[in-house]
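K.L.:
Structure of the sequence below:
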Amino acid sequence: MAKLRHIAISVADPHKSAEFYMKAFGMKKVGETDWSGARGVYLSDGTINLALLNYKSDQMAGEWRGREFVGLHHLGFWVDDVAASKEAVEAAGGQYWMGEAVEDGGFYEIKYRDPDGVVVDITANGWGGAVKDVVAAVDNTAARAAANEPSVAGKSGTGE
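P.N.:
Modelled structure (predicted):
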């Protein structure tokens with residue numbers, strides 16, 4: 001089963017929005033971005049990555065929304081098998097928008113639009129601050145606590 005591990009919100013000011021989510025909900029900053037497509041801040045609750053993005057062009061935001069749109073932009077699913085997931089998304093009526101898997105283990109997202117136009121990402125590499133298998137992460141934390149080792153809960157990376 002794919003795991004919902006990424007939510008992206010298009011915002012006017014990523015840093016101002018990040019301050020709100022950190023103060024209101026205790027989220028932790030796990031990264032920032034500033035490239036030709038968008039500037040943003042990445043937060044995590046230890047399980048899910050929240051991207052607060054300010055898009056720099058209508059093309060990168062999706063021309064059906066545009067760069068001035070503020071609100072939920074897309075959702076991301078961490079999958080085990082990208083090829084099988086692409087097939088399943090397309091068979092369910094998803095329309096490919098952009099992105100391709102990378103072979104070197106680097107970050108990527110493959111973006112689709114669902115039948116209502118909502119953008120959904122798939123990746124096998126995850127997002128910073130996200131944990132793919134929550135049960136394993138909880139079990140790992142409990143095992144570390146029992147062994148009196150430091151916890152790695154909330155650590156960025158692949159969830160290992």
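
K.L.:
tell me the mean pLDDT over stretch 106-120?
P.N.:
Mean per-residue pLDDT for stretch 106-120: 89.

K.L.:
Residues contacting that stretch, please?
P.N.:
For stretch 106-120, the surrounding residues in contact (CB atoms under 8 Å, 6 or more residues apart in numbering) are 62, 64, 72-77, 82, 86, 89-90, 93-102, 121-123, 125, 127. (Each C-beta comes from the backbone N, C-alpha and C, glycine too.)

K.L.:
Distance check, the closest residue to F25 other than its chain neighbours against K29.
P.N.:
What sits nearest to F25 in space, not counting adjacent residues and going by CB to CB, 6 or more residues apart in numbering, is D45, at 7.2 Å. From D45 over to K29 the distance is 12 Å, taken as CB to CB, to the nearest Å.

K.L.:
now A12
P.N.:
In terms of CB to CB, A12 sits 18 Å off from K29.

K.L.:
Which one's more surrounded, those two?
P.N.:
Neighbour comparison, A12 and K29: the larger count goes to K29, with 15 against 10 (by other CB atoms under 10 Å).

K.L.:
nearest spatial neighbour of that one, skipping sequence neighbours?
P.N.:
Closest to K29 by CB to CB, 6+ apart is L43, at 5.8 Å.

K.L.:
what's the following helix or strand after whatever helix or strand the one you found lives in?
P.N.:
Per DSSP states H and E: L43 is located in strand 38-44. Heading C-terminal from strand 38-44, the first helix or strand you meet, by DSSP H and E, is strand 49-55.

K.L.:
For R39, the count of nearby residues, please.
P.N.:
Neighbour tally, R39, other CB under 10 Å: 17.

K.L.:
Can you give me the pLDDT of it?
P.N.:
R39 is given a pLDDT of 98.

K.L.:
Tell me which residues touch it, please.
P.N.:
Contacts of R39 were listed using CB under 8 Å, 6+ apart, and they are 14, 32-33, 53-54, 56.
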